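A.B. asks: the amino acid sequence is not available; the structure is as follows:
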Ligand SMILES: Nc1ncnc2c1ncn2[C@@H]1O[C@H](COP(=O)(O)OP(=O)(O)OP(=O)(O)O)[C@@H](O)[C@H]1O
């Protein structure tokens, strides 16, 4: 490492303590307000979902939480401290993230990718790195051991020496999570972690997120897979056109008419079309004698039924 980086306080938060507190966050791009006056909290021990239609402002909000964007208005605090407006400082403070589009170092090994993720937790400075003294070697060995532990945690320990680009898609996503965990966060933000995954990979990711939460790390997740979200999350917030429409537990959000209208659509389980289908069939049955009279004029009509 080339700079001396103080190791911040990464002590686990007390259960239920607010770790993330966003107040009145607004983000404008010229005339477009992508996020409007959003209040949002995440508590320690929680898995919180952020859902909404395409273009609702979810990723923009994530970017406001992680120092990639400086909100036009509002404030974001992590464990009570206002976040610095630089992403590497936000990571050092204790918030890690993955991206919607995988951003691995494709030509580095799996292990090296995780080691890169540890840089905010390494205190060896330039001289130590250049002189390669015993302190440097100890720190390097500790980093490798921790990186291997994380690879084991996500199930990639046997692929430590593979190039990242040679991993199948689902494993690349897991590696991204391991790299994010390498910064020892108190809050992990996942942006569409199951995008492009098959159902089996999605289930494994679900288990992984539960395991991360069980390690005392709060999780905030954006996802379009509603089964994944509603299985996983203690609380779900819905963004529509940049504004928070509803927030609550899965049942509350799933049953909210505004959310159904704006995003979820009618639930399939209740077969909402049944009544209409019955009405149409009844109308057709009533019209049948008439139709029979005209069947000569409508070739093939019998076959259509
Ligand atoms: N850097 C930017 N400059 C200008 N407009 C932007 C920028 N980033 C996002 N936007 C706009 O802000 C709005 C919200 O986009 P955002 O990507 O945050 O939505 P999203 O909810 O994450 O969508 P999706 O589910 O498709 O990923 C969109 O209209 C988008 O075009």
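C.D. replies: On my side now, so go ahead. The shown structure was predicted, so the numbers you read here are calculated from the model rather than taken from an experiment.
A.B. asks: count of neighbours near residue 194?
C.D. replies: 24 (other CB atoms under 10 Å). All C-beta atoms are positioned from the backbone trio N, CA, C, and that covers glycine.
A.B. asks: what's the spacing between it and the ligand?
C.D. replies: Separation of residue 194 from the ligand (CB to the nearest ligand atom, to the nearest Å): 13 Å.
A.B. asks: could you find the closest non-adjacent residue to that residue?
C.D. replies: Excluding its sequence neighbours, the residue lying closest to residue 194 (CB to CB, 6 or more residues apart in numbering) is residue 202, at 4.5 Å.
A.B. asks: host element of the one you found?
C.D. replies: helix 199-214 (DSSP states H and E).
A.B. asks: what angle do the next helix or strand after that helix and helix 199-214 make?
C.D. replies: With elements assigned by DSSP H and E, the helix or strand that comes after helix 199-214 is strand 218-222. Put simply, strand 218-222 runs at 150 degrees to helix 199-214, going by axes from the mean of the first three to the mean of the last three CA atoms, to 10 degrees.
A.B. asks: helix, strand, or coil at residue 24?
C.D. replies: Look at residue 24: counting by DSSP: H, G, I helix; E, B strand; the rest coil, its state is strand.
A.B. asks: for residue 236, that is, sorry about that
C.D. replies: Quick answer, by three-state DSSP: residue 236 is strand.
A.B. asks: do the same with the one 10 residues further on
C.D. replies: Local secondary structure at residue 246 is given as strand here, using three-state DSSP.
A.B. asks: quick one: neighbours of it, just the number.
C.D. replies: 18.
A.B. asks: doesn't residue 256 make contact with it?
C.D. replies: Yes - taking CB atoms under 8 Å as the definition, residue 246 is a contact partner of residue 256 at 4.9 Å.
A.B. asks: which neighbours do the two share?
C.D. replies: Contact criterion CB atoms under 8 Å, 6 or more residues apart in numbering; residues shared by residue 246 and residue 256: residue 238.
A.B. asks: got any ranges where the protein has weak pLDDT?
C.D. replies: 1-13, 120-136, 266-281, 283-284, 287-305 (pLDDT under 70).
A.B. asks: show me the strands in the stretch 51-200 of the chain, by range?
C.D. replies: 73-78, 81-82, 95-97, 187-191 (DSSP state E, counting those that start in this stretch).
A.B. asks: quick check: angle from the longest one to strand 187-191?
C.D. replies: Direction vectors for strand 73-78 and strand 187-191, defined by the same axes, to 10 degrees, enclose an angle of 120 degrees.
A.B. asks: which other helices and strands does strand 73-78 contact?
C.D. replies: In terms of contacts (3 or more CB pairs under 8 Å, 6 or more residues apart in numbering; DSSP states H and E), strand 73-78 is packed against strand 18-29, strand 32-43, helix 58-65.
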